[in-house]
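Chemist: return atomic coordinates for the entry below.
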Amino acid sequence: MKWKQTGKRTDCKSVPLSDSLKHLNNKRPKRSGIGPTLQEYEREYMIEEKFMRRAVELAKGGIGAVDPNPLVGAVIVKDNKIIGEGYHERYGGLHAERNALASVAGTDLCEATAHFQNLRDILSGADMYVTLEPCAHHGKTPPCTEAIIESGISRVIIGSRDPNPLVAGKGVQQLEAAGIEVIQDFCRKECDALNKKFFHFITTGKPYVLMKYAMTADGKIATKTGASKWISCEKSREYVHELRNEYPAILAGIGTVLADDPMLTARIPGARNPMRVITDSSLRIPAGCNILKTAADIPTVIISAMTDKEFGSSEKKAMIENMGAEVINLPGEDGHVDLKKVVNFLGERKISGLLIEGGGGVNYSALKAGIVNEVNVFVAPKIFGGAAKTPVGGEGVELPDEAVGLILISSELMGEDVLLKYKTGSNT
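Modeler: Residues are numbered from 1 along each chain as shown. Below is the predicted model:
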């Protein structure tokens with residue numbers, strides 16, 4: 001795979017330097033008729049990679065604050081020095097490119113360089129590294145391409161391509177039409193990893209669904225008495241709170257509510273709490289549970305599976321609503337909540353990601369419905385034995401060939417536990 005200005009994929013880790021650096025040949029000065037050495041190419045390539053990685057780290061500052069928008073970071077570089085940087089900080093706020101441009105005015109370069117008359121003087125010959133293709137349409141903010149073109153930026157290096165039909169190549173076209181050099185797919189793997197939720201949501205209209213559970217080394221989620229606190233270690237539990245901050249909605253079943261009385265909140269400093277979605281076919285949720293006691297302060301949706309007549313006349317429904325929760329009826333043919341209807345409902349609410357923290361019943365139903373895109377499994381170094389509960393209940397399959405197939409994404413130590421991340425291949 002060779003790196004060209006447009007059209008070809010470029011991953012920082014996988015493309016040979018000898019191929020990746022050919023684009024530099026035209027911009028480096030010749031020395032006595034001899035081009036730059038490979039060592040010089042490598043030196044500049046590594047610097048460029050460092051700048052994009054900085055943009056990736058900046059983008060993560062928007063986790064939990066920009067949904068359903070994507071995470072984006074931008075860095076402005078001149079003479080191999082960062083002179084401006086920014087990221088998309090909150091939904092409805094300025095995008096990363098405009099924040100980066102605005103930051104240039106406060107840099108030492110601007111204050112110390114008296115002969116520069118304006119921002120265009122400062123940015124002439126500068127590069128912008130941005131993790132996602134700049135937008136070219138009017139939304140809550142004006143197009144970022146307009147700001148880049150007006151600024152005098154000479155080159156834009158883009159990580160991910162934007163599948164949003166409102167963008168999808170239009171940003172690159174506008175920049176190139178204005179005479180700005182554009183390089184695409186630089187560090188694309190790292191940049192794409194920022195926005196799996198956004199990419200899925202913008203192409204399907206449904207949230208990206210992550211199922212999470214912790215189990216012992218023998219596959220149990222509780223002891224024979226039902227005790228489950230704690231299976232995973234403290235570091236794993238802290239990571240789960242980070243997921244709750246990252247995902248705009250969290251789903252659990254009424255069984256989990258009755259057994260554990262959870263809050264389902266993100267208990268880390270500065271975190272936002274996800275919308276809590278509880279599947280409760282016959283509205284058994286008790287008034288004194290933590291979910292309803294905090295429903296007036298934290299968005300909460302209780303989803304039932306009743307007949308229209310039962311739902312319309314339910315006194316329990318009225319009580320739940322009076323406590324601040326929303327009640328929605330989404331019955332399936334089997335008398336239980338239809339999880340496909342749930343993800344459609346959340347997509348209509350512009351919820352880009354859903355974290356499932358259910359018990360074995362909910363997990364089985366979600367997998368059977370085909371709504372799960374990713375599974376995260378925390379495996380604790382413990383053995384419970386006995387006939388205790390397992391992470392996925394339900395009827396199960398009759399033959400091994402009928403199993404839900406998983407593809408390992410990564411494995412890592414999480415304190416004392418092992419975190420296994422799988423993708424399911426589901427596009428539902």
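
Chemist: could you give the mean pLDDT of stretch 327-343?
Modeler: What stretch 327-343 shows for mean pLDDT is 94.

Chemist: buried set for it?
Modeler: For stretch 327-343, the buried set under the neighbour-count rule, 16 or more other CB atoms under 10 Å, comprises 327, 329-332, 336-343. Quick note: C-beta positions are derived from backbone N, CA and C, even for glycine.

Chemist: touching, residue 100 and residue 72? I think so.
Modeler: No: using CB atoms under 8 Å, residue 100 and residue 72 do not qualify as a contacting pair, with a distance of 9.9 Å.

Chemist: identify the contacts common to those two.
Modeler: Where contact means CB atoms under 8 Å, 6 or more residues apart in numbering, the residues bridging residue 100 and residue 72 through contact with each are residue 130.

Chemist: OK, contacts around residue 89?
Modeler: Contacts were defined as CB under 8 Å, 6+ apart; by that measure residue 89 touches 61-62, 65-66, 99.

Chemist: try 6 Å this time
Modeler: Contact criterion CB atoms under 6 Å, 6 or more residues apart in numbering gives residue 62 as the residues in contact with residue 89.

Chemist: over to residue 353?
Modeler: In this structure, residue 353 makes contact with 197, 207-208, 247-248, judged by CB under 6 Å, 6+ apart.

Chemist: and if we set it to 7 Å?
Modeler: Residue 353 is in contact with 197, 207-208, 247-249, counting by CB atoms under 7 Å, 6 or more residues apart in numbering.

Chemist: repeat that for residue 243.
Modeler: Counting by CB under 7 Å, 6+ apart, residue 243 touches 212, 355.

Chemist: hey, C-alpha coordinates of the helix or strand harbouring residue 364 in CSV?
Modeler: Following DSSP states H and E, one finds residue 364 within helix 360-369. Output for helix 360-369, consisting of C-alpha atoms alone and laid out as CSV, is shown next (Å, rounded to 0.1, in the frame of the first residue of the first chain):
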residue,chain,number,x,y,z
GLY,A,360,-28.0,-13.7,31.5
GLY,A,361,-31.6,-13.2,30.2
VAL,A,362,-31.1,-9.7,28.7
ASN,A,363,-27.7,-10.8,27.3
TYR,A,364,-29.2,-13.8,25.6
SER,A,365,-32.1,-11.8,24.2
ALA,A,366,-29.8,-9.1,22.8
LEU,A,367,-27.6,-11.7,21.1
LYS,A,368,-30.6,-13.5,19.7
ALA,A,369,-32.0,-10.3,18.4
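
Chemist: just checking, what packs against it?
Modeler: Judged by 3 or more CB pairs under 7 Å, 6 or more residues apart in numbering; DSSP states H and E, the packing partners of helix 360-369 are strand 208-216, strand 249-253, helix 339-348, strand 353-356.

Chemist: between that helix and strand 249-253, how many degrees?
Modeler: 120 degrees (axes from the mean of the first three to the mean of the last three CA atoms, to 10 degrees).

Chemist: looking at helix 360-369 now, give me its mean pLDDT.
Modeler: Per-residue pLDDT values across helix 360-369 average out to 95.

Chemist: of the helices and strands packed on helix 360-369, which is nearest residue 272?
Modeler: Set against residue 272 and scored by CB to CB, these come closest in strand 249-253, at 11.4 Å.
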